[in-house]
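S.K.: here is a sequence together with a model predicted from it:
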Amino acid sequence: MRICVIGKYPPIQGGVSGFNYRLTHALARLGHTVMVVTNADEVESEYRMGLSAHDVAALAQHYDSRGSVQVVNTTPTSVRYAHVPRSNPYVTKLAGLSTDVIRQHGADVIFGSYFEPYGLAAYLAAQWTGVPYVVQHAGSDLSRLMNQPDLTRTYKEMLRHANGIVTHNARPFLGLGIARHRIYEPDRPAVAPWFSPDAEPMDINATLQLYQSQGYDLFNLRPLNPNLPVVGIYGKPGPFKGMTELIEVIALLRQANISIQLVCVAGNANALREVAIQNAVESHVWILPFLPPWRVPNFIAASTAIAFLEHDFPIKFHTPSVSREVMASAKCLITTREIVQKLEFADRLQHQENVLVVDPFDVEHLTDALAFVAQNRFETLQEIGRQGHALFREVQTPGDQWALSYAEIFTTVIHKTRGLHPSDERDVNLHAVSTWLPRTERQLPRSVLASLWQAFTSQSNEAEQPNDLLVAWAFSRFLLQNYDKSSSSYEAIQWDEARLWQWNDKPNGLSFALPDRLALRKHSLDDFKPVKAHMVRILSIAGQRLLFLRTPNLIDAPVLEIDHDTEQLLEYCTGDHTVAELDRMMDSIPLLREKLWTLYTLGCVVFA
């Protein structure tokens, strides 16, 4: 099979890039020819891995299976690409380059990994070459980018035309009207086999010298003290990662004559540099460029413990692999309760037995944990790492067997396109529909529901929807029209119908008629005119006034109980009045600006 992969790739840092590297090479080892088309050479310095010549050579490989990975990069932008307003035309470059690669070398399937710009480029290349394409999302593109009104329509059209969508959350794609047989759920990737207790420890001091010789702007050039513990941390820095809190606690420990060396594999990380300087711990904090994923195990092996303090992460279905990688390496993991709860063996993780669990906001608790690391850096921490590794190996064996499921998906898509796969029978029955109507199913006797289903399928052409979610919404509307409104069960139908309305894209109009101007930040809030989203419904259910919001990505779907003041305020959010004017008109509503800001952050209004 010849596969054209359009996506992130080293030296781009991050989970998507690392995943694409693993997938492409695993497919090549299975005997497939993989052509990677990427803009990786154009990645900004703050998100660029530090690659040695040996690392660069590992990006493209030929295998004994006769499979191979070839990498083709876009041309870095220059004055020759200049246009106004200024931008880097990634979609144009990737789509054109992919089309050239496919026409020159041939391809059976195109795989676009991440919507922007790669999924769009895959869509265009597929239209121009006639090759089927499969799209996979990550967290930020589906959760954040697809929620932006200017982007969502393009992504939805790209998804509706895809021959296959790879996801572990089918609901938003069913809501787009995509047939279930075009949605594929692959095996979840196991931890890479590189992560092992046998990994050779990195010589961090030698690595510092190597990066210095390559011209990297390093924060601390002092050699690490081999007699002091090293806490490692790796990944993108940010407000949800706990790196700042770690530096502040290291400063507190120094006041107590406890020294810990913190090594952050975090790129340029200017914010971390500032925090280290502010806390006068420049001599105890090192910041390395991002490492390619196959060298991260060596960094873990060189550390006394690894901290992964992600907390309050805004993308709820974000499932980072760092905690599993550390446990696979038999290294002591310092992490948060939020991360522990995302692990399949969360109930078996015990503080100071097979993990160290901390609250990054509790300075005393985090200080005690790092003091524990400093005072127990040998046998105790090693035993915690061994116990964590033993637990991890009970549930997962590192390896690349999961890549077989992607090969099967690609093969199925190719066969369907060529008419070699048996047709997918559409089987939407009451059982499938009832899973989307949990309250209705609990309230209505099964015989009554079955009778209503029979009437619906015989009377309504809406039973012929492309998937079970859309049929369930049509059935719920049928129930609202035909069931006894005085019945105590009616409110259950109302609830289920409103939730299904949130989860589908029909009618598929714009969320807002006007663009959001608040992002420009050129005026005070008082000068803006709030506009209510089209996709807001307010219903009375069980004595409550409930606001149901349909978000553009069809995922978040908040349901809020609102008071009379909030409902009245929303009625006046027509774009005809500024915030200052509303405040004068509705002086009886306390905290009007705070209410508007809350509605804005939820996506119920924009400011025009």
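M.R.: Done, it's in. Numbers count the residues shown, from 1 in each chain.
S.K.: where in the stretch 251-400 of the chain is pLDDT low?
M.R.: 313-319 (pLDDT under 70).
S.K.: all strands for it, in order.
M.R.: With strands called from DSSP state E, counting those that start in this stretch, the stretch 251-400 of the chain shows them at 261-265, 285-288, 305-308, 332-336, 356-358.
S.K.: got these as a markdown table, with distance to Leu370 and mean neighbour count columns?
M.R.: Every residue, glycine included, has its C-beta placed from N, CA and C. Conversion of the strands of the stretch 251-400 of the chain to a markdown table gives the following (distance: least, Cβ to Cβ, whole Å; neighbours: other Cβ atoms under 10 Å):
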| stretch | distance to Leu370 | mean neighbour count |
| --- | --- | --- |
| strand 261-265 | 9 | 24 |
| strand 285-288 | 13 | 24 |
| strand 305-308 | 9 | 26 |
| strand 332-336 | 8 | 27 |
| strand 356-358 | 9 | 21 |
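S.K.: could these go into a markdown table alongside distance to Ile165?
M.R.: Below are the strands of the stretch 251-400 of the chain laid out as a markdown table (distance: least, Cβ to Cβ, whole Å):
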| stretch | distance to Ile165 |
| --- | --- |
| strand 261-265 | 33 |
| strand 285-288 | 37 |
| strand 305-308 | 30 |
| strand 332-336 | 32 |
| strand 356-358 | 36 |
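S.K.: now Thr417: closest residue in space, sequence neighbours ignored.
M.R.: Pro132 (4.4 Å; Cβ to Cβ, 6 or more residues apart in numbering).
S.K.: who are the contact partners of the one you found?
M.R.: 109-110, 126, 163-164, 413-414, 416-417 (Cβ atoms under 8 Å, 6 or more residues apart in numbering).
S.K.: let's see that with 10 Å instead.
M.R.: Applying Cβ atoms under 10 Å, 6 or more residues apart in numbering, we find Pro132 in contact with 107-110, 126, 162-164, 410, 413-418.
S.K.: next one: Ser283
M.R.: Counting by Cβ under 10 Å, 6+ apart, Ser283 touches 220, 222, 225, 254, 259, 261, 276.
S.K.: ranges for the helices of the stretch 301-450 of the chain?
M.R.: With DSSP state H, counting those that start in this stretch, the ranges of helices along the stretch 301-450 of the chain come out as 322-328, 337-341, 363-375, 379-395, 403-417, 430-434, 438-443, 446-459.
S.K.: what is the helix-or-strand element of the chain with minimal mean pLDDT packed up against?
M.R.: Here the helix or strand of the chain ranked lowest by mean pLDDT, DSSP states H and E is strand 605-607, holding a mean of 87. Judged by 3 or more Cβ pairs under 10 Å, 6 or more residues apart in numbering; DSSP states H and E, strand 605-607 is in contact with strand 530-532, helix 592-602.
S.K.: out of those, which is the most enclosed?
M.R.: For these, the largest average neighbour count (mean count of other Cβ atoms under 10 Å) is found in strand 530-532, namely a mean of 21.
S.K.: circling back to that earlier point, out of the helices of the stretch 301-450 of the chain, which is the most enclosed?
M.R.: For these, the largest average neighbour count (mean count of other Cβ under 10 Å) is found in helix 322-328, namely a mean of 25.
S.K.: just the strands in the stretch 1-150 of the chain please.
M.R.: 2-7, 33-38, 61-62, 68-73, 109-113, 133-136.
S.K.: picking that back up, most neighbours out of the contacts of Ser283, which is it?
M.R.: When neighbours are taken as other Cβ atoms under 10 Å, the top entry among the contacts of Ser283 is Ala276 (26 neighbours).
S.K.: could you pull up the contacting residues of the nearest residue to that one once chain neighbours are set aside?
M.R.: Counting by Cβ to Cβ, 6+ apart, Val285 is the residue found nearest to Ala276 once chain neighbours are left out, at 4.3 Å. Going by Cβ under 10 Å, 6+ apart, Val285 touches 219-220, 243, 246-247, 250-251, 260-264, 269, 272-273, 275-277, 279.
S.K.: and the gap between the nearest residue in space to Thr411 that is not next to it in sequence and Ala40?
M.R.: In space, and not counting its chain neighbours, Thr411 is closest to Met1: 6.8 Å by Cβ to Cβ, 6+ apart. Distance of Met1 to Ala40, computed by Cβ to Cβ, to the nearest Å: 23 Å.
S.K.: cool, Trp503 as well?
M.R.: Applying Cβ to Cβ, the value for Trp503 to Ala40 is 35 Å.
S.K.: what does Arg29 give?
M.R.: Distance of Arg29 to Ala40, computed by Cβ to Cβ: 21 Å.
S.K.: more neighbours, these two?
M.R.: Neighbour count, other Cβ under 10 Å: between Arg29 and Ala40, Ala40 has more, with 21 against 17.
S.K.: Val166 is in contact with Pro186, correct?
M.R.: Yes. Here Pro186 lies in contact with Val166, judged by Cβ atoms under 10 Å, at a distance of 5.8 Å.
S.K.: quick check: neighbours shared by those two?
M.R.: Common neighbours of Pro186 and Val166 (criterion: Cβ under 10 Å, 6+ apart): 136, 405-406, 409.
S.K.: would JSON lines of the residues you listed with distance to Gly543 be doable?
M.R.: As requested, those are exported to JSON lines (distance: Cβ to Cβ, whole Å):
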{"residue": "Gln136", "distance to Gly543": "44"}
{"residue": "Ser405", "distance to Gly543": "48"}
{"residue": "Tyr406", "distance to Gly543": "50"}
{"residue": "Ile409", "distance to Gly543": "48"}
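S.K.: pick the one among those residues closest to Met585.
M.R.: Gln136 (48.8 Å; Cβ to Cβ).
S.K.: quick check: bridge partners of the closest one?
M.R.: Per DSSP bridges, the residues bridged to Gln136 are Ser113, Val166.
S.K.: what is the helix or strand where Asp565 lies packed up against?
M.R.: According to DSSP states H and E, Asp565 maps onto helix 564-571. Judged by 3+ Cβ pairs under 10 Å, 6+ apart, helix 564-571 is in contact with strand 530-532, strand 536-541, strand 544-549, helix 592-602.
S.K.: is it true that Asp41 touches Thr74?
M.R.: Yes. Counting by Cβ under 10 Å, Thr74 is a contact partner of Asp41 at 7.2 Å.
S.K.: of those two, who's got more company?
M.R.: Legend: neighbour count by other Cβ under 10 Å for Asp41 and Thr74, higher for Thr74 (20 against 14).
S.K.: dump the residue contacts of the more buried one.
M.R.: Contact analysis of Thr74 by Cβ under 10 Å, 6+ apart lists 37-42, 88-90, 92-94, 96-97, 121.
S.K.: what do you get for Val605?
M.R.: 512, 516, 518, 528-533, 536, 569-570, 573, 575, 595-599.
S.K.: switch the cut-off to 6 Å
M.R.: Val605 is in contact with 530, 532, 573, 599, counting by Cβ atoms under 6 Å, 6 or more residues apart in numbering.
S.K.: closest to Phe478 out of those?
M.R.: Using Cβ to Cβ, the contacts of Val605 come closest to Phe478 at Lys532, 28.7 Å.
S.K.: ok, for that closest one, nearest residue in space, not its chain neighbours?
M.R.: Spatial nearest neighbour of Lys532, chain neighbours left out: Cys573 (4.1 Å); criterion: Cβ to Cβ, 6+ apart.
S.K.: and the residue nearest the centre of the chain, how far from Ala107?
M.R.: Centroid check for the chain by Cα atoms, centre = their mean gives Gly139 as the closest residue, at 1.4 Å. Using Cβ to Cβ, Gly139 is found at 28 Å from Ala107.
S.K.: okay, the helices and strands packed on helix 564-571 in TSV with mean pLDDT and distance to His181 next?
M.R.: Converted to TSV, the helices and strands packed on helix 564-571 look like this (pLDDT from 0 to 100; distance: least, Cβ to Cβ, whole Å):
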stretch	mean pLDDT	distance to His181
strand 530-532	90	38
strand 536-541	94	31
strand 544-549	95	29
helix 592-602	89	35
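S.K.: can you lay out these as CSV showing distance to Phe475?
M.R.: Below are those laid out as CSV (distance: least, Cβ to Cβ, whole Å):
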stretch, distance to Phe475
strand 530-532, 29
strand 536-541, 18
strand 544-549, 18
helix 592-602, 29
